[in-house]
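>>> sequence below, structure please.
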Amino acid sequence: MMRPIFSLLLVLGLGLSGRPLWAQTQPLIHFANENTLAFILFDLLETQPRLEGRPVQWDLDAWVGKMYNRLWIRSEGEALTSQQGGEAEFQALYSRVIAPFWDLQIGVRMDVAYGEETRTRAHLVFGLEGLAPYWFEFEPLFYVSQDGDLAASLVASHDLFITQRLILQPRLEMLAAAQNVPEWGIGRGLNRIDFGLRLRFELVREFAPYIGFNWSRLYGSAASLARREGEAARTSGIVAGVRLWY
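Residues are numbered from 1 along each chain as shown. A predicted model of the protein is given here:
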């Protein structure tokens, strides 16, 4: 079950010719007057009120650096607004441009689960971030936990411009793991697939409220672990939120 997932992630690092992206391009051009830049994006900041606990979910990307070398800070998670609890993930990554529109990233990730008690887990992170042909955004990442557990994730999205300000975004997220980690609800093989459609309207480019639909399903051992805890293996519903960047 793992083989198709890791094969897909491997293919994302290859161009149409089958050669690695960095083998298909000319050497990168360097400028003597590069400026230090910064960027912050809440790609998701939303609630799904029909779910138990009325969770607020977020997906944050931020970076600071120059043209080819940057420090990325990432965070995503879920906070339950009607009760105490939630989960969050934080990443700090060194990013290096290896080809036009593609960055190689390496760093650390910290998982935090909080509620009646707080648990943490650390990982090493290695992966890519960039634009595939036809402006599909891909983020394939590999993880090695402090206990040696292996996992991989993929986030893919695409902006479809209905008008200059009305944009439909399909978004796909996948998670797979090589070992069972019951205390974190992780099973061997494909764990989860999330698929969402979000329609946003850019009042200004930096501020875009949206409404959409999100579908999520757990598979295999991860689904069994969720059912054992009294949680649903499949959820879906309307989401509403805002996309912000600066």
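>>> neighbours around the residue nearest to residue 102 when sequence neighbours are not counted, how many?
Setting aside the residues directly before and after it, residue 102 is nearest to residue 130 in space (CB to CB, 6 or more residues apart in numbering), at 3.6 Å. Where C-beta positions appear, they are placed from N, C-alpha and C, glycine not excepted. Here the number of neighbours of residue 130 (other CB atoms under 10 Å) works out to 21.
>>> tell me how far residue 130 lies from residue 155.
With distances defined as CB to CB, to the nearest Å, the gap from residue 130 to residue 155 amounts to 12 Å.
>>> identify the contacts common to these two.
Both residue 130 and residue 155 are contacted by 137-138, under the criterion CB atoms under 8 Å, 6 or more residues apart in numbering.
>>> check which residues of whichever strand or helix holds residue 104 are buried.
Per DSSP states H and E, residue 104 falls inside strand 102-114. Judged by neighbour count (16 or more other CB atoms under 10 Å), strand 102-114 contains these buried residues: 102-105, 107, 109, 111, 113-114.
>>> and for stretch 114-126?
Buried residues in stretch 114-126, defined by neighbour count with 16+ other CB under 10 Å: 114, 121, 123, 125-126.
>>> tell me the spacing between the residue most central in space within the chain and residue 171.
Centrality entry for the chain: nearest residue to the mean C-alpha point is residue 155, 4.9 Å, by CA atoms, centre = their mean. When CB to CB is applied, the distance between residue 155 and residue 171 equals 7 Å.
>>> residue 149 now?
Taken as CB to CB, the span from residue 149 to residue 171 is 26 Å.
>>> please enumerate the helices of this protein.
2-12, 220-228 (DSSP state H).
>>> how far out from the middle of the chain is the shortest one?
Read that as helix 220-228. 22 Å (CA atoms, centre = their mean, to the nearest Å).
>>> quick one on the thing from earlier: and the buried residues of strand 102-114 as a markdown table, adding distance to residue 53?
As requested, those are exported to a markdown table (distance: CB to CB, whole Å):
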| residue | distance to residue 53 |
| --- | --- |
| 102 | 38 |
| 103 | 35 |
| 104 | 37 |
| 105 | 32 |
| 107 | 30 |
| 109 | 24 |
| 111 | 19 |
| 113 | 14 |
| 114 | 13 |
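>>> and which of those residues is nearest residue 134?
Ranking those by separation from residue 134, with CB to CB as the measure, puts residue 102 on top at 14.8 Å.
>>> isn't that closest one right next to residue 137, touching?
No. With contacts defined as CB atoms under 8 Å, residue 102 does not count as touching residue 137, sitting 11.1 Å away.
>>> identify the contacts common to the two.
Taking CB under 8 Å, 6+ apart as the contact rule, residue 102 and residue 137 both touch 130-131.
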